[in-house]
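Trainee: Sequence first, then the predicted structure, then my questions.
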Amino acid sequence: MTAIIRQFLKLEAASGVLLIIAAILALIMANTPLQGIYQQFLNIPIAVKISVLDIDKPFLLWINDGLMAIFFLVVGLEVKRELIEGSLAGRDKAIFPVVAAVGGMLLPALVYLFFNFNDEIARQGWAIPAATDIAFALGIMALLGKRVPTELKVFLLALAIIDDLGVIIIIALFYTKSVSIMALGLAMLSLLVLIWMNWRKVENTSAYLVVGVILWVCILKSGIHATLAGVIVGFLIPLKGGQNNSPSEQLEHLLHPWVAYLILPLFAFANAGIQLDGVTLTNLASALPIGVALGLLIGKPTGIFLFSWLALKLGVAKLPAKINLKQIFAVSVLCGIGFTMSIFIASLAFEGLDNFSTYARLGILIGSTLAAILGLLLLNSVLPKKPISTKADNQAG
């Protein structure tokens, strides 16, 4: 299990670098003569029509609704693995990052609402700073190499995974505009088929993916955000099969490179291209971008650390071995990197409202950048100055 986590962390670190490059490239293209090419790329029409089924969307929405469902499928696989046999297995292991994640979603939303409560439209973005970007956060942490204890990496991984799960629930409950009863009924039927397959211990992941695509289409047509289908399928693919086989882990290993090296960078490229024409310092200091930026930079670490501290003081949870509260605080600041997930929520909250979307994304970029820099500096100051020698390293040597 340690080897699996180590491999995952390395992969996410590499993905973080690609995310940064993709975001910078998008910003350059959106604000230079290349803007036309950038917009044409995002608006490439892609249609799928089979009998009465007709899905016609620009490439941007196929990325946000389709490819991101694959990302959430991997999140579902990760969460299930961590709950059953990983860093979240058992109450004592799970409660600390769970409590921290709750605080890390609640306080940023309150900070945002403090600045934007009186604006009915801006209020819709309350969940934007509640998200943490796993790839970016782990990518920044990876810059400190073996000085970072494995336990601290696992805490960040578990917290971010729970955070993603919470965001998915928020999307399903608060960012669904209208519901088609017929499509929802077909989605429930698809879900029952998946549950039956899991109960019968079907190990063929292809079968789950076929039913999962049907579930995705039904949820998409129902009006609920289709990425929810990815998490559902991830939870229902068996972790354990016959002859020490793990269908869940096999699929996770297969999809991770595609998610890390293609889907997330492509999502960043498609959504980070903010046009800065007309953006002024006065507008940047307005309630919307300030609420987002401070929600990420102040609300996120305050919520995570405060709830963690209270859980320890009340005896609800125990501090993981080999890490201390100073390190927990540094990680909580790093969790203010919302980027991918925050942009995703902003695209839903302000769909069709370009002005609001632009300033929300600017707030995300500002808050996430400052959180990354401050988090790295804090980690560098609280971690051991020499690399930590692990058992795996000794064996390798």
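Mentor: Yep, it's here. Residues are numbered from 1 along each chain as shown.

Trainee: Stretch 172-182 spans what distance, first to last residue?
Mentor: 18 Å (Cα to Cα, to the nearest Å).

Trainee: tell me which residues in that stretch are buried?
Mentor: 175, 180 (16 or more other Cβ atoms under 10 Å). Every C-beta, even on glycine, is put in place using the N, C-alpha and C of the backbone.

Trainee: State the mean pLDDT of it.
Mentor: What stretch 172-182 shows for mean pLDDT is 80.

Trainee: And it, how far out from the chain middle?
Mentor: Centroid separation between stretch 172-182 and its chain, computed with Cα atoms, centre = their mean, to the nearest Å, is 21 Å.

Trainee: do stretch 79-97 as well
Mentor: Distance, centroid of stretch 79-97 to centroid of chain: 18 Å (Cα atoms, centre = their mean).

Trainee: do the same with stretch 191-200
Mentor: The answer for stretch 191-200 is 26 Å, by Cα atoms, centre = their mean.

Trainee: In that stretch, which residues are buried?
Mentor: Buried residues in stretch 191-200 (16+ other Cβ under 10 Å): 191, 193-194, 197.

Trainee: out of those residues, which are inside strands?
Mentor: Members of the buried residues of stretch 191-200 lying in strands (criterion: DSSP state E): none.

Trainee: Any chance of JSON lines for the residues you listed, columns pLDDT?
Mentor: Converted to JSON lines, those look like this (pLDDT from 0 to 100):
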{"residue": "Leu191", "pLDDT": "95"}
{"residue": "Val193", "pLDDT": "96"}
{"residue": "Leu194", "pLDDT": "95"}
{"residue": "Met197", "pLDDT": "95"}
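
Trainee: Is it possible to get CSV of these that adds distance to Tyr38?
Mentor: Formatted as CSV, the buried residues of stretch 191-200 follow (distance: Cβ to Cβ, whole Å):
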residue, distance to Tyr38
Leu191, 38
Val193, 41
Leu194, 38
Met197, 42
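
Trainee: of the residues you listed, closest to Gln275?
Mentor: Checking the buried residues of stretch 191-200 against Gln275 with Cβ to Cβ, the nearest one is Leu191 at 40.3 Å.

Trainee: still on that earlier bit, nearest to Asp119 among the buried residues of stretch 191-200?
Mentor: Using Cβ to Cβ, the buried residues of stretch 191-200 come closest to Asp119 at Leu191, 37.4 Å.

Trainee: so the closest one sits right up against Ala229, yeah?
Mentor: No: look at Leu191 against Ala229 with Cβ atoms under 8 Å: they stay out of range, at 9.1 Å.

Trainee: who touches both of the two?
Mentor: Contact with both Leu191 and Ala229 is made by residues Leu215, according to Cβ atoms under 8 Å, 6 or more residues apart in numbering.

Trainee: and Val48, what are its phi and psi?
Mentor: With angles defined as degrees, to the nearest 10, Val48 sits at phi -120, psi 120.

Trainee: let me fix that: Ser180
Mentor: Torsion angles, degrees, to the nearest 10, at Ser180: phi -90, psi 120.

Trainee: Could you report the neighbour count for the closest residue to it other than its chain neighbours?
Mentor: In this structure, Ser180 finds its nearest non-sequential neighbour in Ser222, 4.9 Å apart by Cβ to Cβ, 6 or more residues apart in numbering. By other Cβ atoms under 10 Å, the residues close to Ser222 number 22.

Trainee: how about low-confidence regions in the stretch 51-200 of the chain?
Mentor: The stretch 51-200 of the chain contains residues with pLDDT under 70 at 87-88.

Trainee: what helix or strand does Val102 sit in?
Mentor: In the assignment (DSSP states H and E), Val102 maps to helix 91-116.

Trainee: And that helix, what's buried?
Mentor: Quick answer for helix 91-116 (16+ other Cβ under 10 Å): 93-94, 96-113, 115-116.

Trainee: That one packs against which elements?
Mentor: On a contact count with 3 or more Cβ pairs under 8 Å, 6 or more residues apart in numbering; DSSP states H and E, helix 91-116 meets helix 150-174, helix 287-294, helix 300-313, helix 325-334.

Trainee: how does it look with 10 Å?
Mentor: helix 68-85, helix 150-174, helix 287-294, helix 300-313, helix 325-334, helix 354-382 (3 or more Cβ pairs under 10 Å, 6 or more residues apart in numbering; DSSP states H and E).

Trainee: mind checking which of those is nearest Trp216?
Mentor: Among the helices and strands packed on helix 91-116, helix 68-85 sits nearest to Trp216 (Cβ to Cβ), with 5.6 Å.

Trainee: what angle do the closest one and helix 150-174 make?
Mentor: 130 degrees (axes from the mean of the first three to the mean of the last three Cα atoms, to 10 degrees).

Trainee: if we can go back for a sec, out of the buried residues of stretch 191-200, which one sits closest to Asp354?
Mentor: The closest of these, once distances to Asp354 are taken by Cβ to Cβ, is Leu191, at 35.5 Å.
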